[in-house]
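> need a structure here:
(one chain, ligands or ions: 2)
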Amino acid sequence: MGEQKARVLIVGTGGVGTLAAYALEQGGKAEVTAVMRSNYNAVQKNGISINSAQYGNGIKGWRPTRICKVVPNTAKENLPPFDFILVTTKNIPEISPTVSDIIAPAVTPHKTAIVLCQNGINIEKPLISCFPTNPIISSVSYVSATEISHGSILHDGQDEQTIGAFHNPDVPAQVAEEAAKRYIDIYNPDGKIDVTFDADVRRVRWRKLLYNASFNPVAAILRMDTPRMRMSSHVIDDLIRPIMKEVLAAARADGITDFPEDLPEILIRVDPIGSAFKPSMCQDIEKGNLIELENIVGEPLREGESKGVAMPTLRTIYGLLKGMQLKVKESKGMWEPKFGSENPYQ
Ligand SMILES: NC(=O)C1=CN([C@@H]2O[C@H](COP(=O)(O)OP(=O)(O)OC[C@H]3O[C@@H](n4cnc5c(N)ncnc54)[C@H](OP(=O)(O)O)[C@@H]3O)[C@@H](O)[C@H]2O)C=CC1
Ligand SMILES: CC(C)(CO)C(=O)C(=O)O
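Ligands and ions are numbered 1, 2, ... in the order given. Okay, the predicted model is just below:
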């Protein structure tokens, strides 16, 4: 008898989640249950189409082992526990339901490892308090995948992930590390994908934040792709580099002392200049979606300022993004424009 496949639930089957479902099923060591929301009917009818620089173009009618419309309730439905839950929703902790609320019905205490493949820092904190006995794993991804219409994925990069375990105080470090390594093994059993283990997940996240906290919000505010920012020069000089330097200083104050001084210069030039690439926050604003402003901008700002780091550029950007988020909320009927009793400006 062959080794039993790992049971993986994927919550959030947009660009990143769908490609992960594909990689996990191709590897042969996992069976995926994918929770689909707005794309459920399209995928039920026609399956998933993928055009991928890595897996090939013209993949059509593909489906993971199971798709479902809501997160299964393993206890009530008497289902076997999930070994892993991969979370690939956009992370918007200020809006209910939060990631913890969404996945709670499918988490088996002491058993299910929760893999957070989302941008930003401190994303693990609410999960640690809700799921104190579960390993919580960090995946920092550079996949560059977009769901261009329901069930249709454009993947124009290479799947590249750095994985490690977050510190969950009541889960022994060895148990958490083994869960992270097992996830790498089922994701990448034959070593074809660039998925590596790095125990220092905080450092890995701060490094990516230098890019995400600068390019993502500035792109969203200006609705501008990253090559155009570089062509303009002043967007880099007045906004991107100052933010990167502030985030670098915040990372150092948080104990990450080995980033080289020229890291901003490297990250400023990291995107290929041949394509008009817009980071995910810009794509979300253009689609009228809520944006991931707290974990990508609010948390690094609070971390830095609480340790005495001056972050004036990021503070201004944060104020602008909060205003933009309010407008999205209003457009979705989630915020009513009226004065509260505590408001001094009426
Ligand atoms: N795209 C990329 O290349 C990269 C993305 N990231 C990060 O990865 C994460 C995922 O990004 P991405 O794949 O682009 O996001 P997408 O917006 O493409 O996909 C998010 C998915 O989550 C679903 N979803 C949201 N809330 C729920 C819910 N309550 N129940 C079920 N499904 C839900 C959405 O459904 P619906 O369509 O119905 O809203 C959508 O299918 C983000 O944190 C992003 O910052 C990191 C690196 C690269
Ligand atoms: C790295 C990058 C730019 C795309 O993979 C990203 O994280 C984003 O768009 O938010």
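> can you name the residue of the stretch 51-200 of the chain nearest ligand 2?
The minimum distance from the stretch 51-200 of the chain to ligand 2, using CB to the nearest ligand atom, falls at Ser144 (4.1 Å). In short, each C-beta sits where N, CA and C put it, glycine included.
> that residue contacts His155, doesn't it?
Yes - if you go by CB atoms under 8 Å, Ser144 and His155 touch, sitting 6.9 Å apart.
> which of these two has more residues huddled nearby?
When Ser144 and His155 are compared on other CB atoms under 10 Å, the one with more neighbours turns out to be His155, at 24 against 19.
> in the chain, which spans are strands?
6-11, 30-35, 48-52, 56-62, 66-68, 84-87, 113-116, 136-141, 145-149, 152-155, 160-165, 194-197 (DSSP state E).
> about what we covered before: in space, what's closest to the residue of the stretch 51-200 of the chain closest to ligand 2 - neighbours in sequence excluded?
Distances taken as CB to CB, 6 or more residues apart in numbering place Gly157 nearest to Ser144, at 3.0 Å, with adjacent residues excluded.
> one more: Arg205?
Using CB to CB, 6+ apart and skipping residues adjacent in sequence, the residue nearest Arg205 is Ile121, 4.9 Å away.
> and that neighbour, what does it touch?
Applying CB atoms under 8 Å, 6 or more residues apart in numbering to Ile121 gives the contacts 202, 205-206, 209, 295, 299-300, 303.
> out of the residues you listed, flag the one nearest to Cys68.
Nearest to Cys68 out of these is Asn295 (CB to CB; 26.8 Å).
> show the backbone phi and psi for the closest residue to ligand 1 within the stretch 1-150 of the chain.
Among all residues of the stretch 1-150 of the chain, Gly14 sits closest to ligand 1, at 1.9 Å; criterion: CB to the nearest ligand atom. The phi and psi values for Gly14, taken as degrees, to the nearest 10, are phi -90, psi -140.
> count the residues that sit near it.
By the criterion of other CB under 10 Å, Gly14 has 19 neighbours.
> name the nearest residue to it, ignoring sequence neighbours.
Glu147 (4.5 Å).
> okay, domains of the chain per the record?
As given by automatic domain parsing, the domain ranges for the chain are 6-199, 203-331.
> how about JSON lines for those domains, with mean pLDDT and distance to Tyr345 added?
Rendered in JSON lines, the data for the domains of the chain read as follows (pLDDT from 0 to 100; distance: least, CB to CB, whole Å):
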{"stretch": "domain 6-199", "mean pLDDT": "97", "distance to Tyr345": "21"}
{"stretch": "domain 203-331", "mean pLDDT": "97", "distance to Tyr345": "14"}
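> picking up where we left off before, name the nearest of the contacts of Ile121 relative to ligand 2.
The nearest member of these to ligand 2, counting by CB to the nearest ligand atom, is Leu209 at 9.8 Å.
> dump the residue contacts of that closest one.
Leu209 touches 119-121, 247, 251, 296, 300, counting by CB under 8 Å, 6+ apart.
> if we use 7 Å, what do you get?
Counting by CB atoms under 7 Å, 6 or more residues apart in numbering, Leu209 touches 120-121, 247, 300.
> for the residue nearest to Ser144, which residues are in contact?
Gly157 makes contact with 53, 142-144, according to CB under 7 Å, 6+ apart.
> from those residues, which two are the most distant?
In the contacts of Gly157, the most distant members under the criterion CB to CB are Ala53 and Tyr142, with 12.7 Å between them.
> one step back: farthest pair within the contacts of Ile121?
Arg202 and Asn295 (13.2 Å).
> the two: which has the busier surroundings?
Under the neighbour definition other CB under 10 Å, Arg202 and Asn295 were set side by side, and Asn295 has more, 23 against 18.
> excluding its backbone neighbours, what's nearest that one?
Distances taken as CB to CB, 6+ apart put Gly120 closest to Asn295, at 2.7 Å, once the chain neighbours are dropped.
> my read is that the one you found contacts Glu299, right?
Yes - contact between Gly120 and Glu299 holds when scored by CB atoms under 7 Å: they sit 6.3 Å apart.
> since that was my last question, I'll sign off now.
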